[in-house]
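> Sequence first, predicted model second:
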Amino acid sequence: MALAGGDRSARQKLIEHNLRLVAHVSKKYGAAVPDTDDLISVGTIGLIKAVDTFRPEKSPKFSSYAATCIQNEILMYLRGGKKSALDISVNEPIDTDRNGNVLTLMDIIAVDDTISDDIDTAIKCEKLRKIVREELDDTERRIITERYGLNGRKPLTQREIAAELHISRSYVSRIEKRILERIRSML
């Protein structure tokens with residue numbers, strides 16, 4: 001036999017002529033997987049293994065041997081798939097919302113948990129109030145309070161504050177910068 005002699009074209013012909021056998025064996029397991037193309041690919045691997053390992057002296061009929069190899073390869077593939085069949089990803093689509101957008105499990109279980117951020121912000125705000133109240137003189141306190149709209153006030157520009165205090169805008173800017181550096185170091 002030419003195949004036993006290592007003839008590559010004989011090997012290729014044997015594979016091509018038995019692809020129908022792969023399709024036939026794959027049909028038996030078609031209900032087990034949604035995509036039968038995967039089964040045919042796996043079955044083709046089984047066919048190639050059959051061609052490479054066939055010994056005519058041990059098995060007189062190639063088609064019987066090949067069918068067994070194809071079936072074994074498909075069964076190994078299906079067993080491997082069962083291990084992960086129960087695995088579910090939190091990013092797999094599970095539904096759609098009323099606008100037609102895909103919903104995943106992560107979308108449903110995810111919560112915007114900002115409690116720690118809210119607490120941190122509240123603590124820093126209280127520290128800031130204390131610094132403004134106890135560490136700044138009247139002019140500095142007024143500039144920072146009006147500039148950033150503290151205590152429910154409307155924020156003012158440096159020019160507006162300068163006009164109220166009858167000082168230059170650049171002087172307000174320098175005071176503001178100095179105050180912010182002090183507050184930053186205290187926080």
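Cool, the structure landed.
> Work out for me the element Ile144 sits within.
Assessed by DSSP states H and E, Ile144 sits inside helix 138-148.
> lowest-pLDDT helix or strand in the chain?
Every helix and strand in the chain was compared by mean pLDDT, DSSP states H and E; the lowest is helix 105-109, with a mean of 65.
> Give me the residue ranges of the protein where confidence is low.
1-6, 32, 81-92, 94, 105-113 (pLDDT under 70).
> out of all of them, which helix in the protein is the longest?
For the chain, the helix that runs over the most residues, judged by DSSP state H, is helix 62-85.
> so what secondary structure elements neighbour that one?
Judged by 3 or more Cβ pairs under 8 Å, 6 or more residues apart in numbering; DSSP states H and E, the packing partners of helix 62-85 are helix 19-28, helix 36-53. Placement of C-beta: from N, CA and C, glycine included.
> For that helix, buried residues please.
Buried positions in helix 62-85, judged by neighbour count with 16 or more other Cβ atoms under 10 Å: 62, 65-67, 69-71, 73-74, 77-78.
> Could you do stretch 167-183 as well?
172-173, 175-176, 179, 183.
> Just the ones of those in helices?
Going by DSSP H, the helices hold 172-173, 175-176, 179, 183 from the buried residues of stretch 167-183.
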